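Undergrad: Mind looking at a prediction? Sequence and model below.
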Amino acid sequence: MPETIVINGRSIDRGEKVLTKLVISKLPSGTVIEIPVYVFRSVHDGPVVLLMAGMHGDEVNGTEIIRRMISRKMLYPLKGTIIAVPILNIYGFLNFSREVPDGKDVNRSFPGNRDGSLASRVAHRFMKEVMPYIDYGLDFHTGGRSRANYPQIRCVLSDHRNAELANAFAPPFVLNASYRQGSLRKEAGKLGKSILVYETGESLRFDEKGINMGIEGTCRLLHHLGMMASCVEPSETTKLCLKDMWLRAKNAGLWRTSISIGDYVRKGQHIGSITDPYGEMEVRLNSPASGHVVGLNNMPVVNQGDALLHIAY
């Protein structure tokens, strides 16, 4: 752990608790857009852990996880440093949108470019100001566009550090997820830093169960690193899933399911149906594999090719 951390031109020494704000740009109205960054430092040497949410502005569960932990004064580490960013994509948060105003995804824009698109500039500023100090991190996400995720950690399990941290977090599910081009996780991996993605619920909706599991899992991870004195045991046994697949709609229409998120389904089991709006057509859907339902589309109106069910096994 460095003696001094410098973020946004502000020197932060051991033992300090600081809120600094990264100025990204301005709205057309002239309103300044700033990213709040909370830094909690112990006087004792230890790892630097990132807690970040709001990469996609409409994914609010992670923001609420970090907000509650800050409010409850849970982020004062026994050793090391915690850097908490409740909302990275302020633009999307203000507009209930996944993207920034130029339509680009911040999590496909890393490592970014100082002179690039708006999404690229946000990514570049984060990589320059915060990433150099990070050892480990949790990046909080949700499902999008009415697709809900059961609480889960996603990471590359071939990296033993990821597997260790995922085991410490102890969510209901751990999915082996390869890196995606332009993602924070991939760029962090290139630098030898471990970032885990925690997914729960859907966009623009609070998932109380997933929020509480996220807080408890974060505490377990921090306890594992010696940064927190105690933690609670997980309420569910962790299931390690090396493979997963999405069932997609072969027909457009009205989607109704007979199963719930988190259920175990068997290959060939009836899981729902798609009908037309007029009562003239019905297509029964069966599970293509045996596994756990870790993602579910809650939108009743679907088009051909829409993702309906995420099965991990």
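TA: Cool, the structure landed. Numbers count the residues shown, from 1 in each chain.

Undergrad: ok, residue 76 touching residue 17?
TA: Yes. Residue 76 lies in contact with residue 17 (Cβ atoms under 8 Å); the separation is 7.2 Å. Quick note: C-beta positions are derived from backbone N, CA and C, even for glycine.

Undergrad: Overlap in contacts, those two.
TA: Among the neighbours of residue 76, those also in contact with residue 17 (Cβ atoms under 8 Å, 6 or more residues apart in numbering) are residue 40.

Undergrad: what's residue 209 in contact with, if anything?
TA: Counting by Cβ under 8 Å, 6+ apart, residue 209 touches 151, 200.

Undergrad: Report the buried residues of the host helix or strand of it.
TA: When secondary structure is defined by DSSP states H and E, residue 209 falls within helix 208-224. For helix 208-224, the buried set under the neighbour-count rule, 16 or more other Cβ atoms under 10 Å, comprises 210-224.

Undergrad: Kindly report the same for stretch 42-59.
TA: Neighbour counts over stretch 42-59 (16+ other Cβ under 10 Å) mark 42, 46-59 as buried.

Undergrad: do the same with stretch 109-121
TA: Taking 16+ other Cβ under 10 Å as the neighbour-count basis, stretch 109-121 is seen to contain the buried residues 109, 110, 111, 112, 117, 118, 119, 120, 121.

Undergrad: Alpha carbons of it, in CSV - could you do that?
TA: The C-alpha trace of stretch 109-121 is given here as CSV (Å, rounded to 0.1, in the frame of the first residue of the first chain):
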residue,chain,number,x,y,z
SER,A,109,-14.6,1.7,-23.8
PHE,A,110,-11.6,0.8,-21.5
PRO,A,111,-8.8,1.7,-21.3
GLY,A,112,-10.2,4.8,-22.8
ASN,A,113,-8.8,7.8,-24.6
ARG,A,114,-8.4,11.4,-23.3
ASP,A,115,-9.5,12.8,-26.7
GLY,A,116,-12.0,10.1,-27.6
SER,A,117,-15.7,9.7,-27.2
LEU,A,118,-17.4,10.7,-23.9
ALA,A,119,-17.5,7.0,-22.8
SER,A,120,-13.9,6.7,-23.6
ARG,A,121,-13.0,9.9,-21.7
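
Undergrad: Need the residues that contact it.
TA: With contacts defined as Cβ under 8 Å, 6+ apart, stretch 109-121 is touched by 24-25, 91, 99-102, 104-106, 108, 122-127, 182-184, 186-187.

Undergrad: Ok, stretch 9-24 next?
TA: Here stretch 9-24 has contacts from 1, 3-8, 32-44, 76, 90, 121-122, 125-126, 129, using Cβ under 8 Å, 6+ apart.
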